[in-house]
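**Q** sharing a model prediction with you, sequence too.
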Protein chains: 2
Amino acid sequence: MKIPAIAISRLSVYARHLARLKGKGTEIISSGRLADMCGVNPAQIRKDLGYFGDFGVRGVGYYVQELLFEIRKILGSDQQWRLGLVGVGNLGLALLKHREFTNNGYTFVAVFDKRAKKIGIEINRLKVQPLEAINYAVEKKGMEIGVIAVKPVLAQEVADILIRAGIHGILNFSPVQIECPMHVSIENVDFSIKLEKLCYKIKSQRF
Amino acid sequence: MKIPAIAISRLSVYARHLARLKGKGTEIISSGRLADMCGVNPAQIRKDLGYFGDFGVRGVGYYVQELLFEIRKILGSDQQWRLGLVGVGNLGLALLKHREFTNNGYTFVAVFDKRAKKIGIEINRLKVQPLEAINYAVEKKGMEIGVIAVKPVLAQEVADILIRAGIHGILNFSPVQIECPMHVSIENVDFSIKLEKLCYKIKSQRF
DNA sequence: GTATGTGAAACCGTTCACAGCA
DNA sequence: TGCTGTGAACGGTTTCACATAC
């Protein structure tokens, strides 16, 4: 079956709300109530879940804990993922210390920078290494995901090194389109585009 | 005419490539060549531009400089936007110093934090202020956009203050759905969702 | 001849509406 | 009765294909 990419993003949102419900001790939730919380249509939720299995009970709803478990399994957030950060500028440091990353099954196993003056600095018990060390980290430390937080001009070069080293996925914070073979997955986080979109919306509101 | 929101994001991408072409001295570009660079269909570009006017010349293509000017006008990136940052944690500081923001028509006019120990610290010639100062910044300094970089539990509270103060738009880096009246525009930048999507894609690739 | 602008067609995702089941 | 699971209808976006203009 063809699963729309956007359905995956919604699963993340569902998981977030389910985690909150679980924390509050709620045991059962209907697609209708969950939909209200997430701001989507109830059928949307049922369809999204339907791509992956039958997780609900007719006439009852979904068991919060069970559904959360299943969604985590689908997304892979039940497993440990090993990240490598490239670029220890302000943004890179912020990501390294970011709770959402470190609390949820993600571990930074290595940190890299191209600038000689950054090499050897220790952050969060990790020594900053030169780009040449990327190969070793992928092969020996099982680094699976590369997080690119370097200046735009360096982004493609860094991506190429990661790809040649055998990385599985790239999370790119640089505002450039990265060329990438099909077997490597990539996701872009692009502040500027979001900000420009926001400005457009504000302008349009004003008529 | 109904303009799809995603078309706006694509305009940002076009603008980026046009800026590069302009820098290289290229004067004319066809939708076909630009489409290759951006990784989209040529008709897509023509349709997107068609929502806003006739910017091309049949049999010739688009004048790079002129088209860039027009897109900037559409997006509002030709004007100066005044931002306020809320939350001077690692991420907030990274945003404050981020080139993509400071180089492209965006200015931070004020910085806020809820934590007493942060108040008064000076960053980039701006003193960190308490949340109570948000009102003044909106009314007297013309702060139009609030950038939320606080912990998830505080995000809605901060948003409410910004909204009550009369902010026009919110760029939210916190992983929560923010409740927001329709006249206030909002864009979310959500790392965790992107990372979870990436992990799902990697898992799927492996079959 | 060449590349834009644009209706029409194809495609994809969302919502409806109801059958199926606890 | 109540809520899920899902085929069908709907609506919106993308792509095609060609008339139009340089």
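**A** It's in. Numbering: from 1, shown residues only, chains lettered A, B, ... in the order given.
**Q** what count of nearby residues applies to residue A:53?
**A** 10 (other CB atoms under 10 Å in any protein chain shown). Bear in mind the C-beta positions are built from the backbone N, C-alpha and C, glycine included.
**Q** and if you look at residue A:35?
**A** Number of residues near residue A:35 (other CB under 10 Å) recorded here: 18.
**Q** again, but for residue A:27
**A** By the criterion of other CB under 10 Å, residue A:27 has 12 neighbours.
**Q** do you know how far the nearest residue in space to it that is not next to it in sequence is from residue A:78?
**A** Closest residue to residue A:27 apart from its sequence neighbours, by CB to CB, 6 or more residues apart in numbering or on different chains: residue A:64 at 5.8 Å. As judged by CB to CB, to the nearest Å, residue A:64 and residue A:78 stand 16 Å apart.
**Q** between the two, which is the more surrounded one?
**A** residue A:64 (22 against 13).
**Q** can you list contacts of the helix or strand bottoming out on mean pLDDT in chain A?
**A** Ranking every helix and strand in chain A by mean pLDDT, DSSP states H and E puts helix A:99-102 at the bottom, with a mean of 84. Helix A:99-102 is contacted by residues A:83, A:95, A:108, B:151, B:175, B:191-192, B:195 when judged by CB atoms under 8 Å, 6 or more residues apart in numbering or on different chains.
**Q** now swap in stretch A:178-191 and tell me
**A** If you take CB under 8 Å, 6+ apart as the criterion, stretch A:178-191 is touched by A:148, A:155-156, A:159, A:163, A:167-173, A:175, B:95, B:98, B:100-101, B:171, B:189, B:191, B:194-195, B:197-198, B:201-202, B:205.
**Q** these in strands, which ones?
**A** A:148, A:169-172, B:171 (DSSP state E).
**Q** from those, pick the one nearest DNA strand D.
**A** Closest approach to DNA strand D among the ones in strands among the contacts of stretch A:178-191 (CB to the nearest atom of the strand): residue A:172, at 20.4 Å.
**Q** can you name the residues that contact the most centrally placed residue in chain A?
**A** Nearest to the mean C-alpha position of chain A, by CA atoms, centre = their mean, lies residue A:171 at 7.2 Å. Neighbouring residues of residue A:171 by CB under 8 Å, 6+ apart: A:83, A:145-148, A:186-187, A:189, B:191, B:194-195, B:198.
**Q** in helices, which of those appear?
**A** Judged by DSSP state H, those include B:191, B:194-195, B:198 as members of helices.
**Q** after the lengthiest helix in chain A, which helix or strand is next?
**A** Of all the elements of type helix in chain A, the one with the most residues (DSSP H) is helix A:5-24. Per DSSP states H and E, the first helix or strand lying C-terminal to helix A:5-24 is strand A:28-29.
**Q** what pairs with whichever helix or strand comes after the least confident helix or strand of chain A, parallel or antiparallel?
**A** Next helix or strand after helix A:99-102 toward the C-terminus (DSSP H and E): strand A:106-112. Applying DSSP bridges, strand A:106-112 is found paired with strand A:81-86 (parallel), strand A:126-129 (parallel).
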